[in-house]
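J.: How does the following fold in three dimensions:
(one chain, ligands or ions: 1)
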Amino acid sequence: MTASIGARSVVEVGTGCGSSGIWLLRGMRDESVLTSVDIEPEYQELARSAYRRAGFAAGRVRLILGRGLHVLPRLTDGAYDMVFVDAEQAAYADYLTEALRLLRPGGIVVFNNALEAATSADGPLSAPDPGTAAVREVARQVRDDEDLIPLLLPIGEGLLAAIREAPRDSA
Ligand SMILES: C[S@@+](CC[C@H](N)C(=O)[O-])C[C@H]1O[C@@H](n2cnc3c(N)ncnc32)[C@H](O)[C@@H]1O
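T.: Okay, the predicted model is just below:
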């Protein structure tokens, strides 16, 4: 069973072979579009075929080849309901900045691998690896930002989510 997120437009960084995209599409509205970014053309071809076999029309997915941090700045501000980041852990803080620009008020950004980093022990003499440090930093930023509602889901390697609050009425 898939919980519907009722989203019209979702951006995913890290298409892979299409598994997460299929789960996202199953929870999205019928007329909605998933924009998915990956640096590997072979993965995107496998994903394209997986979406088709899962029954989604070609027009439901826009596959863009390139590094997420090069592609996201070209997408429209405030036009997306959800941004799912599942690539380039060391740059998660930059992806948070991009996601907050892309999201509509009430939209949600989700980072994969959050628990893996949070629960890995540091050695007494070594700094955490850049990916782990970046995941912890983005978790801190989400916690400290008063405009974000944070949520940590213990699913798989852990999903860190943050809802961008709609502006409150000043009256
Ligand atoms: C963990 S896999 C994604 C799996 C996919 N989300 C799923 O669950 O089916 C990570 C993917 O990110 C891609 N990737 C790595 N660095 C990237 C970057 N800087 N920008 C976009 N994609 C990247 C890899 O090619 C790989 O396909």
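
J.: can we go C-alpha only for contacts and neighbour counts from here?
T.: Noted.

J.: Could you give the bridge partners of the residue sitting nearest the centre point of the chain?
T.: Nearest to the geometric centre of the chain sits Phe84, at 1.2 Å (C-alpha atoms, centre = their mean). For Phe84, the beta-bridge partners under DSSP bridges are Glu12, Val110.

J.: burial of Arg168, as a residue count?
T.: 6 (other C-alpha atoms under 10 Å).

J.: Sorry, wrong one. I was asking about Ala117.
T.: As a burial measure, Ala117 scores 19 neighbours (other C-alpha under 10 Å).

J.: from what I can see it touches Thr132, true?
T.: Yes: the pair Ala117 / Thr132 is scored as a contact, 4.7 Å apart, by C-alpha atoms under 8 Å.

J.: Helix, strand, or coil at Ala134?
T.: Assigned with DSSP: H, G, I helix; E, B strand; the rest coil, Ala134 falls in the helix class.

J.: pretty sure it is touching Ala90, no?
T.: Yes: with contacts counted by C-alpha under 8 Å, Ala134 reaches Ala90, the gap being 5.1 Å.

J.: which one of these two has more residues nearby?
T.: Taking neighbours as other C-alpha under 10 Å, Ala134 and Ala90 compare with Ala134 leading, 21 against 16.

J.: Contacts only, for the more buried one.
T.: The neighbourhood of Ala134, defined by C-alpha atoms under 8 Å, 6 or more residues apart in numbering, consists of Gln89, Ala90, Ala91, Tyr92, Ala93.

J.: hmm, try it at 6 Å
T.: Ala134 sits next to Ala90 when contact means C-alpha atoms under 6 Å, 6 or more residues apart in numbering.

J.: how far away is it from the ligand?
T.: 14 Å (C-alpha to the nearest ligand atom, to the nearest Å).

J.: now the residue nearest to the centre of the chain: how far from the ligand?
T.: From Phe84 to the ligand the distance is 8 Å (C-alpha to the nearest ligand atom).

J.: Ends of stretch 47-64, what's the gap?
T.: End-to-end distance for stretch 47-64: 12 Å, by C-alpha to C-alpha, to the nearest Å.

J.: Report how many residues lie close to Asp30.
T.: There are 13 residues near Asp30, going by other C-alpha under 10 Å.
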